[in-house]
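K.L.:
Kindly generate the corresponding structure for this input.
(chains A and B)
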Amino acid sequence: MKAFLILEDGTIFEGTHIGVQKEIISEIVFNTSMAGYLEVLTDPSYAGQAVCMTYPLIGNYGICREDMESRRAWPDGFIVRELSRIPSNFRCDMTIQEFLEENDVPGIAGIDTRALVKILREKGTMNGMITTNENYQLEEILPKLKAYTTGKVVDIVTCKEKYTLTAAKDLSDNGPISGSSQFKKDDYEKGIREKKPSMVRALNGQGLKVALLDLGAKDNIAKSLAARGCEVTVYPAVTTAQEIIDSRPDGIMLSNGPGDPKECTEVIAEIKKLYDTDITIFAICLGHQLMALATGADTFKMKYGHRGGNHPVKDLETGRVYISSQNHGYVVNMDKLDPQIAVPAFINVNDGTNEGLSYTGKNIFTVQFHPEACPGPQDSGDLFDRFIAMMRRKKNA
Amino acid sequence: MPKNPNVKRVLVIGSGPIVIGQAAEFDYAGTQACRSLKEEGMEVILVNSNPATIMTDGDIADKVYIEPLTTKVLEQIIIKEKPDSLLPNMGGQAGLNLGMELDESGFLAAHGVALLGTTAKTIKKAEDRLEFKETMEKIGEPCAPSLVVENIDDGVTFANKIGYPVVLRPAYTLGGSGGGIARNQMELEEILANGLRLSRVGQVLVERCIAGWKEIEYEVMRDSAGNCITVCNMENIDPVGVHTGDSIVVAPSQTLGDKEYQMLRSSALNIINELGITGGCNVQFALHPTSFEYCVIEVNPRVSRSSALASKATGYPIAKVAAKIALGYTLDEIKNAITGKTYASFEPTLDYCVVKIPRLPFDKFITAKRTLTTQMKATGEVMSIGNNFEGALMKAIRSLEQHVDCLRSYDFSELSAEELKERMKVVDDQRIYIIAEAIRKGVDYDTIHEITMVDHWFIDKIAILTEMEAALEKGPLTVELLKEAKRIEFPDNVIARLTGKTEDEIKKMRCDNGIVAAFKMVDTCAAEFAASTPYYYSVFGSETEVVETHPKKKVLVLGSGPIRIGQGIEFDYCSVHATWAFAKEGYETIIINNNPETVSTDFDIADKLYFEPLTPEDVENIVNVEKPDGAVVQFGGQTAIKLTESLMKMGVPIFGTKAEDVDAAEDRELFDKILEETQIPRAAGGTVYTAEEAKAVANKLGYPVLVRPSYVLGGQGMQIALSDQEIEEFMAVINRYEQEHPILVDKYLQGKELEVDAVCDGTDILIPGIMEHIERTGVHSGDSISVYPAPTVSEKVKDIIAEYSRRLAKALHVIGLINIQFIAMGDEVYVIEVNPRSSRTVPYISKVTGIPIVDLAAEVIIGKKIRDLGYEPGLQPAADYFAVKMPVFSFEKIRGAEISLGPEMKSTGECLGIAKTFNEALYKAFLGAGINLPKHKQMIITVKDADKGEAIEVARRFEKLGYIIYATRSTAAALNEAGVKARKVNKIRQESPTVMDLILGHRIDLVIDTPTQGRDKSRDGFLIRRTAIETGVNCITAMDTATALVSSLENAASQGELALIDIAAIARR
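P.N.:
Sure, this is the predicted structure:
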């Protein structure tokens, strides 16, 4: 079946329909990761957006459910050059088409995704519609497209009730270290799937309690902490600061999440209260932006954002450059930082935008990129160790 | 970190002659590195024995030494030039080994020379099997269970413990020389013995066989501050068991999820960090197909063939960045030259799919085994880019120029499903065609996967291609079907064949329906940032993003495709120089080529680069977009020449010599007419199509005759026939493929072979010099030792050659380059053949005479006159030194290949010896080719009767040098009779000790074995020669070569230090 992608500026792409048959209006963004489409699809930060993968061949290894970064798919729509006819991977549970249908996500394939990316790059992120209606009326659609905003999506994606992850008691709880395990064919045939290899090589978080505020968290944030031995309790975004403080955590983790940070006024107010305590705080992406807003800094919307697994960020303290996983459309304005409150800790090597802050006189550091990876490079995973070290120091002090 | 201020004079080591496993990629990397160093204000001193390279040009480095790559020579250069630093990791394994030897001996430290880039300690950690394994164990990176052994017994014991099959990998060898998979003790003993001998340190790794696992490679960069990035990863379609150089490779990996991708990426980063590599590095992994288990196979701590491929696949200039890192820069300080916006610390991301297919030499070595193993056999490779895998595969297939254009190009339709399953077990270059046929015959994916271990995803992609074949065959050809066929890159001619229509009909249908190629940019960043370097590939069904440019005149330079025997790096040299020369004259230059190993496909050589197959249709797609003012075909070898007619049909003017004149040189009748008019004699002959006709001509001329197809390079299919029976045999070989042009049968004349390359402007001709071949006619010019200036011919002959050249160039209306080969018998000169185009010897003669003939040819093509360019026409005065070009072979890599020299070219590369005297130059050339004698001073002579007279003289001279001579019965008798002491050895089937035992005993320096004229049918001779080659014994098959070698050895005995000559100084004369 034919499908159309209609952009706010009137550009129309004709392709074939994938996923469920449904018309959607959304913000069109692109991601440059070459692998990890399932992690992208299940990243709650894409709520309110339709995502285009720049890599043309998608679905090659099917869907491995255990790689999902949250309970379901979030993007409003999925835009690809080509969906693989068959999936091929030993862990594959279903095809990507089946997954899109199951998750009620419509999409379009067979379009010139590179041309789309060039438009978004030149004109900036814009809204668009995916439809299978061949008789669309542009003059009716375009005003609707222009009117679309992602809205307060955090409320939709956050967990409904708090829950706690079991901390790893032993490194083997996390699966074999790296690729060193041997494959047991008999087990596999019995349906016993090996755990994924873990890059974590020390249980340095044992005995530490972390409260994770779920603003649309990717699962691997909590898993990264639990894998290091931390006991992680995940709280819904609407949780009050007091409730978290009362649980007497060693550290607070503010997660990633979707949408315009400035829409999250209630959360910002609660985060201000967390800032005012002396609890160790680590924040990622939306959490990082909200902490900045809570402490008087400003954010702005980028022309087309950073979404991919290849962005270099520089740790200003050490001069080291990490290749990072990124997914953000908004960024903290470094020009308006008060050094009494926070100073830049990381910057993006490509465009010099802010990638992290260190809070003056506080046990707080925040990053714009994704140390939890999934998808993308695991290079900055040691930031979780830094967080653990900070909590440990505080605890032992 | 800013650059190190102590680095001012850098010595760069090249990789030497092109051999299998070490080819043009190192000219590409080395050239890029040298340019990068010069950009930083360094003085660059280059040493490389290979004259066909661009890196040995006077404008790439400040001082250029085309000298043998030995530690002794390097030490002399260091003493003479006093560099402060040495960059060893651009010259492949050969360069790295030399750097290591100089470091280990303490010579570098003693002369205040710092090793740039990766330290010697790191290199040792990465390359020494034991140290590497210990390092990997330390950081928890898994290796397959393995043991380094230094003798056969230890190998057998260990293999019995871990179980067969086992893989054997000798340490410090290139292209996996001497490695292999052993399935039982017998095989183990055989391969291990060979591997131990070939390893520089006498070590071989015996390891658990992980054949069948996915083979995945990562190209990693690291700077001195510890910042790391991966440039890209690549997945081999052929699982572990086939050398990655012989595998079909796709980038990025297609069947890895993010979990596997990142697991291996992190591992690669761990490894490069632990090893402390600064610069580029290649990490190879084996990944279990149904688990997360992986093994590190190996690490190459230097630029490599894979890094060249990764550079071209992503646009990320690895060698350039590695050179800057070596100077002290960090990745975040180095700008990404493609985008101009991002930095080198950015990881490239692809929005297309890249396929590489090796160019294997089995069309040259028809007796060789086609099986692929861990020992690399490919001479070159092609790469293609598309936005779908099927299309990229189709494009790569037709880029090979091996009479293949789709998955039906090898016909296995006769085989049943059962036979195909059996045949599929053989891993060879035809396997994808077998898989395709198996799919057509209904063999299911699981069965194919179980046998081949090729991933289901790739099998399905092959199936999609076979389904398209079937759909086209079934018809009807709707617009939708045609669109889909083009999307997956079925060329028009294949669609025509399958639909029973003509190619023109298909083309018309396409154009009428707007199904035309679009061009997309390779920009390192999937369009996230605007890129400034135009590097394009074609796709169907998308919008084109080529920016129209018309301010200047545009010239299309057609490249020479994959490196193969007969058409090597020399033609890339010519293409690049032509491009530069046109650019200097204000032209916009456009290169089309598909070879990822070469300089011509570097992103900043031409104004625009199209990475595309060199077929008429693909070229036309580009012509339609670019509308060039003209094309030059004379620099890109036969690949480009073959496109002449098509270009003219497209309305593209051919710059330089006209197509009809090129034809006149190849067309027998036209050429004979020209010879008659110009009164130049040639060997009598005729043109034929069938064996019957050939026999008739041969009998009229009288045997021996030379049989060869026209329009080929490197004497492909050329043979000397002695009888009707041989004619039949050779004609059958030639006619395996349908011949568009007649086959030539000529009287074979034996004399001195001479060659010129010249530039002609339509009026005047400039001949830089005359080259004389050491071997008499009958040995292909590419395989002959070639000497400039011609040492043994009379002035009269030289004058005749100059005069004939002038007449021929004029008669053929040559504008640009011309190559002419002559035979001199006494003072009689005959012409053998004329090629109005660049030749293999162009870089060589340009360098040794200091006359840049490619640049001059380009100027002449534009309309300048030789006289205006500051040259006096005619034969230039001879130099006051001698330059000897020595062919280099890769026979040890190709099991079963016949090594004896003949009219069909077999060498893969060449090296140069340049010196004040002929003998010294000859000695240097032999040394450069790796013939380093004497060792044991024992040799074997077995020659055919006709050579016995000369053999006596040669043997006498070797005897005088102290050699002990062994000879087979009749040769020994002849030698002893003439007073040369020769020990008789038994033939192979006689009782021990036989000649084979002698060779296998590793006490022999040299075998002189001249096969009987024509194709040698004696199994004995063949076996002796193969055994010699495979045990590392020098083997000479022509008496002229033997004579030259003994002269050079005599000279060496009296020779002190070698005198070094700076080629760059010649270039600036």
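K.L.:
where are the low-confidence patches of the stretch 151-300 of chain B?
P.N.:
Residue ranges of the stretch 151-300 of chain B with pLDDT under 70: B:172-176.
K.L.:
can we see that at 90?
P.N.:
The stretch 151-300 of chain B contains residues with pLDDT under 90 at B:159-184, B:190, B:194-203, B:205, B:207-211, B:241, B:288, B:290-293, B:298.
K.L.:
and it, which residues reach chain A?
P.N.:
B:225-230, B:252-259, B:261-267, B:269, B:287-295 (C-beta under 8 Å from any C-beta of the partner chain). Just so you know, the C-beta spots here come from the backbone N, C-alpha and C atoms, and that holds for glycine as well.
K.L.:
ok, of those residues, which come out buried?
P.N.:
B:225, B:227-230, B:252-259, B:261-267, B:269, B:287-289, B:291-295 (16 or more other C-beta atoms under 10 Å in any protein chain shown).
K.L.:
Which ones among those residues lie within strands?
P.N.:
Using DSSP state E, B:228-230, B:287, B:294-295 are the members of these that sit in strands.
K.L.:
Which pair in these has the greatest spatial separation?
P.N.:
B:Ile229 and B:Cys295 (23.3 Å; C-beta to C-beta).
K.L.:
still on that earlier bit, narrow the residues of the stretch 151-300 of chain B next to chain A to those in helices?
P.N.:
Among those, the members found in helices (DSSP state H) are B:258-259, B:261-267, B:269.
K.L.:
Go through those and name the one nearest B:Leu11.
P.N.:
Nearest to B:Leu11 among these, with distances taken as C-beta to C-beta, is B:Leu269, at 30.5 Å.
K.L.:
What helices and strands are in contact with the strand or helix carrying B:Gln93?
P.N.:
Assessed by DSSP states H and E, B:Gln93 sits inside helix B:92-104. If contacts are counted by 3 or more C-beta pairs under 8 Å, 6 or more residues apart in numbering or on different chains; DSSP states H and E, helix B:92-104 sits against strand B:9-13, helix B:25-39, helix B:71-81, helix B:120-127.
K.L.:
so how many other residues sit close to the residue in the stretch 501-650 of chain B positioned nearest to chain A?
P.N.:
With C-beta to the nearest C-beta, the shortest gap between the stretch 501-650 of chain B and chain A falls at B:Ala526, namely 3.9 Å. Neighbourhood size, B:Ala526 [other C-beta atoms under 10 Å in any protein chain shown]: 25.
K.L.:
ok, now which ones touch B:Gly559?
P.N.:
B:571-572, B:575, B:591-595, B:598, B:600-601, B:614, B:636, B:639-640 (C-beta atoms under 8 Å, 6 or more residues apart in numbering or on different chains).
K.L.:
Following element in sequence after the top strand by length along chain A, please.
P.N.:
The longest strand of chain A (DSSP E) is strand A:299-315. Counting by DSSP H and E, the element after strand A:299-315 in chain order, helix or strand, is strand A:321-332.
K.L.:
Export the lowest-mean-pLDDT helix or strand in chain B to CSV, keeping only CA atoms.
P.N.:
Sorting the helices and strands of chain B by mean pLDDT, DSSP states H and E puts helix B:1063-1067 at the bottom, at a mean of 80. In CSV, the C-alpha atoms belonging to helix B:1063-1067 read as follows (Å, rounded to 0.1, in the frame of the first residue of the first chain):
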residue,chain,number,x,y,z
ILE,B,1063,65.3,10.1,-7.3
ALA,B,1064,63.7,13.4,-6.3
ALA,B,1065,66.9,15.1,-7.4
ILE,B,1066,66.6,13.5,-10.8
ALA,B,1067,63.0,14.7,-11.0
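K.L.:
which secondary structure elements does it contact?
P.N.:
strand B:63-65, helix B:842-849.
K.L.:
Can you give the distance from it to the centre of its chain?
P.N.:
26 Å (C-alpha atoms, centre = their mean, to the nearest Å).
K.L.:
neighbouring contacts of it?
P.N.:
B:56-59, B:61-66, B:847-850, B:852, B:879, B:914.
K.L.:
Equivalent analysis for stretch B:796-806, please.
P.N.:
Residues contacting stretch B:796-806 (C-beta under 8 Å, 6+ apart): B:678, B:680, B:754, B:756, B:758, B:765, B:767, B:770, B:790, B:818, B:820, B:822, B:824, B:827, B:829, B:831, B:874-875.
K.L.:
Buried ones from those residues, can you make that a ChimeraX selection?
P.N.:
Buried subset of the contacts of stretch B:796-806, written as a ChimeraX selection, criterion 16+ other C-beta under 10 Å:
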select /B:678,680,754,756,758,765,767,770,790,818,820,822,824,829,831,874,875
